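Novice: would you be able to build a 3D model of this:
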Amino acid sequence: MADPQTRPTKESVAAFLKRATDGDRRKDAATLVRMMQAAAGAKGVIWGRGIIGFGTHAISYADGRTADWPTIAFAPRKDHMTLYVGRRFEGSDKLLPRLGKYKTSGGCLHIRRLSDVDMVVLGKVIAGAITTAKKKT
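Specialist: Just a heads-up that it's a prediction; the model follows:
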């Protein structure tokens, strides 16, 4: 079985953000870096070609393999921020209806801009995702 392609890199978060974002997208990404770093108690690390992860925990695949994955992460995409929070995180049923404008797919939240969401609720979403990820390890 092949190794996971998404692994930690040596690129700095600041260099990545300068290369991959600009304007309001860069400001939103910098805000998410601060929030996730504080909540996870870990500095950001670039995973693969565009995910900023904070902390690590082991995940298990259906075939029994395990791999390291960020405890919490996000990726600044062209049209939105993709937050890797898991499918069901602690408090999701109460928090998501209060978050604001977002979309979901798989275990991700897609937020066009941070001004579209309640930042206090977003902080609780991030904390809930971290708590859930840590309980799984």
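Novice: helices or strands up against the helix or strand of the chain with the lowest mean pLDDT?
Specialist: Ranking every helix and strand in the chain by mean pLDDT, DSSP states H and E puts strand 51-60 at the bottom, with a mean of 88. Helices and strands touching strand 51-60, as assessed by 3 or more C-beta pairs under 8 Å, 6 or more residues apart in numbering; DSSP states H and E, comprise helix 23-40, strand 44-47, strand 66-76, helix 119-135. Any C-beta I mention is one placed from the backbone N, CA and C, and that applies to glycine too.
Novice: gap between it and the chain center?
Specialist: Relative to the mean C-alpha coordinate of its chain, strand 51-60 is positioned 9 Å out (C-alpha atoms, centre = their mean, to the nearest Å).
Novice: list the buried residues of that strand.
Specialist: By neighbour count with 16 or more other C-beta atoms under 10 Å, strand 51-60 contains the buried residues Ile51, Ile52, Gly53, Phe54, Gly55, Thr56.
Novice: rebuild those residues as TSV, extending it with distance to Ala42.
Specialist: Below are the buried residues of strand 51-60 laid out as TSV (distance: C-beta to C-beta, whole Å):
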residue	distance to Ala42
Ile51	14
Ile52	11
Gly53	9
Phe54	5
Gly55	4
Thr56	8
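Novice: ok, so of these, who is nearest Thr21?
Specialist: Out of these, the one with the shortest distance to Thr21 is Ile52. That distance is 10.7 Å, counting by C-beta to C-beta.
Novice: for that closest one, give its distance to Ser12.
Specialist: Distance of Ile52 to Ser12, given as C-beta to C-beta, to the nearest Å: 11 Å.
Novice: about what we covered before: tabulate the helices and strands packed on strand 51-60 (JSON lines), appending mean pLDDT and mean neighbour count.
Specialist: Conversion of the helices and strands packed on strand 51-60 to JSON lines gives the following (pLDDT from 0 to 100; neighbours: other C-beta atoms under 10 Å):
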{"stretch": "helix 23-40", "mean pLDDT": "96", "mean neighbour count": "17"}
{"stretch": "strand 44-47", "mean pLDDT": "96", "mean neighbour count": "22"}
{"stretch": "strand 66-76", "mean pLDDT": "91", "mean neighbour count": "21"}
{"stretch": "helix 119-135", "mean pLDDT": "93", "mean neighbour count": "19"}
